[in-house]
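Engineer: Following is a predicted model, sequence given first.
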Amino acid sequence: MTSPAADSSDLDAIVCRTRHLLLDFDGPVCSVFAGLPAHIIADRLRKLFGDHAQLPANVARTPDPIEVFTYAATISTDLATRIEAEMTDQELAAVVTAAPTPYVHDVVTACQNSGRSVSIVSNNSARAVHAYLARHGLDDRISLVVARTSHDPALLKPSPHLITQAVEALDAEPGECTLVGDSVTDVQGARLASVHSIGYANKPGERERLSEAGAGAIINSLADLALKFRARVADPELLQLSLRLQGRTFGAPGLSVPAVNRRTGASSREGKSSQGDPP
């Protein structure tokens with residue numbers, strides 16, 4: 001297990017390189033299922049299988065809606081589409097009672113004040129993410145949302161797809177970006193996308209799992225991250241980039257709005273067609 005001293009040194013190094021902070025949604029931003037537990041949503045999704053009710057044991061027992069969705073895609077595109085639509089509706093209901101993660105607002109403020117952008121990269125529905133951000137006064141403080149808009153689970157983390165979309169939309173280099181996540185899939189996706197990763201370990205056993213997955217650093221509280229960002233100013237020009245990008249949404253399977261070049265202020269994708277529409 002990584003020692004606290006090594007963690008602090010690793011965290012300092014990552015923060016010094018970070019110009020764009022990417023936050024996973026469920027965990028680092030809020031506890032999405034605090035009021036509507038994930039296992040209840042998983043049960044509701046399983047009821048949609050109909051003739052496919054004889055589920056594998058692991059799918060029949062899992063409390064994770066994403067795992068149910070992933071199995072649905074192995075049966076048919078139509079079933080995956082219906083499961084994804086229902087999961088989106090359930091997530092929209094869940095964010096009404098979602099509990100904010102302590103110090104997440106401090107992290108956002110610290111990034112803004114130090115010239116960094118903050119984006120959300122999530123396997124949760126883009127509609128649910130935006131609903132939560134609006135409800136908690138974060139919708140005008142987050143530069144970019146890259147989240148689920150597709151019925152294809154192969155595009156979700158641990159795939160690097162959404163993370164890579166965020167990097168490209170920010171017109172950034174992977175080495176300038178850091179993903180904060182509380183799951184092994186977050187760390188795996190970050191590694192595949194060549195961005196830094198910080199594991200958020202706020203539950204028993206998570207530190208060990210995130211360390212084994214290869215997290216660049218691990219924190220137990222977002223307060224630690226806020227303090228680090230306050231102490232280290234990044235490129236001041238990124239503050240303007242953050243303002244330009246606010247309120248934009250991206251998701252699988254493609255980008256829907258051209259990125260802004262942070263050096264010139266021009267679109268970096270002028271003349272290129274989008275493959276997807278915002279939710």
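Structural biologist: Received, thanks. Numbers count the residues shown, from 1 in each chain.
Engineer: did I read that right, Ile218 in a strand?
Structural biologist: Yes: counting by DSSP: H, G, I helix; E, B strand; the rest coil, Ile218 is located in a strand.
Engineer: number of nearby residues for it?
Structural biologist: Residues lying near Ile218 (other C-beta atoms under 10 Å) number 24. For every residue, glycine as well, the C-beta is placed using N, CA and C.
Engineer: now swap in Asn113 and tell me
Structural biologist: Per other C-beta under 10 Å, the neighbour tally for Asn113 reads 12.
Engineer: cool, the one 4 residues further on as well?
Structural biologist: By the other C-beta under 10 Å criterion, the neighbourhood of Ser117 contains 30 residues.
Engineer: And it, its phi and psi?
Structural biologist: When read as degrees, to the nearest 10, the backbone of Ser117 gives phi -100, psi 160.
Engineer: List the residues that contact Val96.
Structural biologist: Counting by C-beta atoms under 8 Å, 6 or more residues apart in numbering, Val96 touches Gly35, Arg135.
Engineer: Let me know the secondary structure of it.
Structural biologist: What three-state DSSP gives for Val96 is coil.
Engineer: how near is it to Glu84?
Structural biologist: From Val96 across to Glu84, the span is 20 Å (C-beta to C-beta, to the nearest Å).
Engineer: Same check on Ser114?
Structural biologist: 37 Å.
Engineer: Kindly report the same for Ser221.
Structural biologist: Look at Ser221 and Glu84: by C-beta to C-beta, they are 33 Å apart.
Engineer: Compare those two and say which is more crowded by neighbours.
Structural biologist: Neighbours were counted for Ser221 and for Glu84 using other C-beta under 10 Å; Glu84 has more, 22 against 14.
Engineer: Am I right that that one is in contact with His151?
Structural biologist: Yes: Glu84 lies in contact with His151 (C-beta atoms under 8 Å); the separation is 4.4 Å.
Engineer: Low-confidence ranges, the stretch 51-200 of the chain, go.
Structural biologist: For the stretch 51-200 of the chain, applying pLDDT under 70 flags the ranges 52-53.
Engineer: Report the contact partners of the nearest residue to Phe33 once chain neighbours are set aside.
Structural biologist: Distances taken as C-beta to C-beta, 6 or more residues apart in numbering put Ala94 closest to Phe33, at 5.5 Å, once the chain neighbours are dropped. Contact analysis of Ala94 by C-beta under 8 Å, 6+ apart lists Val32, Phe33, Gly35, Leu36, Ile41, Ala128.
Engineer: who's in contact with the fifth one?
Structural biologist: Same thing as Ile41. By C-beta under 8 Å, 6+ apart, the contact list for Ile41 reads Phe33, Pro65, Met87, Gln90, Glu91, Ala94.
Engineer: let's see it at 10 Å
Structural biologist: Contacts of Ile41 were listed using C-beta atoms under 10 Å, 6 or more residues apart in numbering, and they are 32-33, 63-65, 68, 86-87, 89-91, 93-94.
Engineer: do the same with Ile219
Structural biologist: Applying C-beta under 10 Å, 6+ apart, the residues contacting Ile219 are 7-8, 11, 28, 180, 198-202, 207, 210, 225, 228.
Engineer: Filter these down to just the buried residues.
Structural biologist: Buried by 16 or more other C-beta atoms under 10 Å: 7, 11, 28, 180, 198-202, 207, 210, 225, 228, out of these.
Engineer: Do a quick rundown of the helices in the protein.
Structural biologist: 4-17, 38-46, 57-61, 65-75, 77-94, 104-113, 126-135, 161-169, 184-193, 206-213, 222-231, 237-245 (DSSP state H).
Engineer: Quick check: which of the ones you listed is nearest to Ala147?
Structural biologist: When the helices of the chain are compared by C-beta to C-beta, helix 126-135 sits nearest Ala147, at 3.8 Å.
Engineer: Alright, that wraps it up for me.
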